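Peer 1: what's the 3D shape of this:
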Amino acid sequence: MEDKKIKIAIVGIGNCCSSLVQGLTYYKDADPSKKIVGLMHTVLGGYKISDIEVVAAFDVNETKVGKDLSEAIYAKPNNTKIFANVGKTGVIVQNAKVMDGIGEYLKDVINPSSSQIADPVEILKKSGAEILINYLPVGSQTAVEYWANVCLQTNIAMVNCIPVFIASNKDWAEKFASAGVPIIGDDIKSQVGATIVHRTLANLFLDRGMPIDKTYQLNVGGNTDFQNMLERSRLKSKKISKTQSVTSQLELQNEHIDPENVYIGPSDYVSFLHDNKVAFIRIESRHFGDVPMNIELRLSVEDSPNSAGVVIDAIRLAKLALNKKIGGPLVEPSSYLMKSPPKQFTDADAKKNVENFISSNS
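Peer 2: Here you go, the predicted model:
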């Protein structure tokens, strides 16, 4: 019988990590027979939420390094909603290399710790971690590649939650496949967030025989993610990820939209919103007789809890791959859970594919 514990390590103890760790506490005594909000299945492939255990954590901020994970997840500048009181975990947040992890707009918000930087390979091996969750800031290209190499050195699976392209990059995909190490990526979707709503609307129009002439998605928020993305050079991969997540749905139906008629991406930082994200979506189209019409939508959601359940599903799917010794990018889980997977499908097909993955590998 397979080991029922899933031991994970987390890089980046920000709002997303806070929501994930709070969720492990909030649902630790959940009834396996009852539906849990935000998960594909309460029990996935034989694994419950309570089977997930954080065994290692890394950050660079002096407010978090050296603290128990239960304290670090509430430390500034984290500002997501608190929905669970996490008790002591015994996991101390370790200092890590900064590299390109702190952008221009976070230099005054995050002070790098002066604590000694231990070897992450040694820490991960000692902890017994099986899966690494990457929650580094958007634009951390060098840092994400560093941690991808750490995963390859330690044979630890990776869940890449940010839009630095690893699973969807041919060279990196080959490295993970050659090493027999599974990876799910890139750029985590939310349970019901701006991207999935935009994709669903796009498919609704196409399914009803209506073209998408122009569309935009404007997002604002008040967490460090939005503050970090004020630096436009760090935003490039995020815009690519969010844009191709939506335009891929047109391409799958042999439709085309001029790049000049699409804008999808974070737009501004509004500090008092904290971890709340507000998205404005507009689609311009035509119906019978080429008569114009448009639809506009406003979405407001607490950003980090919105993706925490998706990550819990990703963790359990990665564990199934580890059990079956499946290496490389996991196409089916990635296409359902991520904005920029190695291969795009419609959401209906992606869900069907991942359900087949679960039944085949449980």
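Peer 1: would you map the strands across the stretch 51-200 of the chain?
Peer 2: Counting by DSSP state E, counting those that start in this stretch, the segments of the stretch 51-200 of the chain that form strands are 52-59, 93-95, 131-134, 157-160, 182-184.
Peer 1: how about the stretch 201-350 of the chain?
Peer 2: Assigned by DSSP E, counting those that start in this stretch, the strands in the stretch 201-350 of the chain fall at 214-221, 262-269, 276-287, 291-302, 328-329.
Peer 1: deepest-packed of the ones you listed, please.
Peer 2: A comparison of these by mean neighbour count, using mean count of other CB atoms under 10 Å, puts strand 328-329 on top with a mean of 24. For every residue, glycine as well, the C-beta is placed using N, CA and C.
Peer 1: quick one: contacts of that strand?
Peer 2: Strand 328-329 is contacted by residues 167-168, 173-174, 176-177, 180-185, 341-342 when judged by CB atoms under 8 Å, 6 or more residues apart in numbering.
Peer 1: of those residues, which belong to helices?
Peer 2: Secondary structure defined by DSSP state H assigns Ala173, Glu174, Phe176, Ala177 of the contacts of strand 328-329 to helices.
Peer 1: follow-up on the earlier one: closest to Ile52 out of the contacts of strand 328-329?
Peer 2: Ile184 (14.6 Å; CB to CB).
Peer 1: for the residue nearest to Ile156 when sequence neighbours are not counted, give me its contacts.
Peer 2: Counting by CB to CB, 6 or more residues apart in numbering, the nearest residue to Ile156 once its immediate chain neighbours are dropped is Leu132, at 5.2 Å. Leu132 makes contact with Ile8, Ala9, Ile10, Val11, Leu124, Trp147, Val150, Cys151, Ile156, Ala157, Met158, Val159 under the criterion CB under 8 Å, 6+ apart.
Peer 1: by neighbours, which of these wins?
Peer 2: Neighbours here are counted as other CB atoms under 10 Å. On that basis the top member of the contacts of Leu132 is Val159, with 31 neighbours.
Peer 1: check that one and give its pLDDT.
Peer 2: Note for Val159: predicted pLDDT of 98.
Peer 1: okay, and the beta partners of it?
Peer 2: Here Val159 sits in beta bridges with Ile133, Ile184, going by DSSP bridges.
Peer 1: hmm, who's touching the helix or strand hosting Asn353?
Peer 2: In this assignment (DSSP states H and E), Asn353 forms part of helix 347-361. Around helix 347-361, the neighbours that count as contacts under CB under 8 Å, 6+ apart are 40-41, 44-45, 196, 199-200, 203, 317, 320-321, 323-324, 326, 330-333, 335-337, 345.
Peer 1: weed out the non-buried ones from these.
Peer 2: For the contacts of helix 347-361, a burial check counting by 16 or more other CB atoms under 10 Å picks out 40, 44-45, 196, 199, 203, 317, 320-321, 323, 326, 330-333, 335-337, 345.
Peer 1: can you list phi and psi of the nearest residue in space to Gln244 that is not next to it in sequence for me?
Peer 2: Beyond its immediate neighbours in the sequence, the residue positioned closest to Gln244 (CB to CB, 6+ apart) is Ser340, lying 6.3 Å away. For Ser340, the backbone dihedrals are phi -120, psi 70 (criterion: degrees, to the nearest 10).
Peer 1: please name the residues that touch Gly101.
Peer 2: Val60, Leu136, Pro137, Ser140, Ala143.
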